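J.: Okay, here's the prediction I keep looking at, along with the sequence it came from:
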Amino acid sequence: MTRNPYINALVAGLYIVFIVLLITYGPTYVRDKPDTILAPMAVLSLLVLSVAFMGYTFFFRPALMYMEGQKREAVELFMKTLAAFAVITSVVVLVAFSNLKALLF
């Protein structure tokens, strides 16, 4: 991704929002069909895609920097990205499990 940890964390958060919206509202656009073997295959494929995307978002740039000899900067980028994503996650969890939800929606 980028060398900006805040953009990396924001992109990861937006990816999660997109996936949740797809899972929540996607079935309303699909005809009613009985579950087949394709449902577990789709879920497993989505898991693999998500792991690959998050790995790229969090680890790719720091790994390149580390291999280029910028070890301190690589660790700093990774930790800042992780910290920014932890803040985003904490805000989402607090809103989801508090009375703030009533104020926002």
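T.: That came through fine.
J.: Please make it C-alpha for all contacts and neighbour counts, starting now.
T.: Fine.
J.: which residues in the chain form helices?
T.: 5-25, 38-55, 61-67, 71-96, 100-104 (DSSP state H).
J.: Now that we have those helices, can you turn them into a markdown table and tack on mean pLDDT and mean neighbour count?
T.: Converted to a markdown table, these look like this (pLDDT from 0 to 100; neighbours: other C-alpha atoms under 10 Å):
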| stretch | mean pLDDT | mean neighbour count |
| --- | --- | --- |
| helix 5-25 | 92 | 15 |
| helix 38-55 | 92 | 12 |
| helix 61-67 | 96 | 17 |
| helix 71-96 | 94 | 16 |
| helix 100-104 | 60 | 9 |
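J.: Output these as JSON lines; include the columns distance to Asp32.
T.: Below are the helices of the chain laid out as JSON lines (distance: least, C-alpha to C-alpha, whole Å):
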{"stretch": "helix 5-25", "distance to Asp32": "14"}
{"stretch": "helix 38-55", "distance to Asp32": "13"}
{"stretch": "helix 61-67", "distance to Asp32": "43"}
{"stretch": "helix 71-96", "distance to Asp32": "30"}
{"stretch": "helix 100-104", "distance to Asp32": "32"}
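J.: Next one: Leu22 from Thr28, what distance?
T.: As judged by C-alpha to C-alpha, to the nearest Å, Leu22 and Thr28 stand 10 Å apart.
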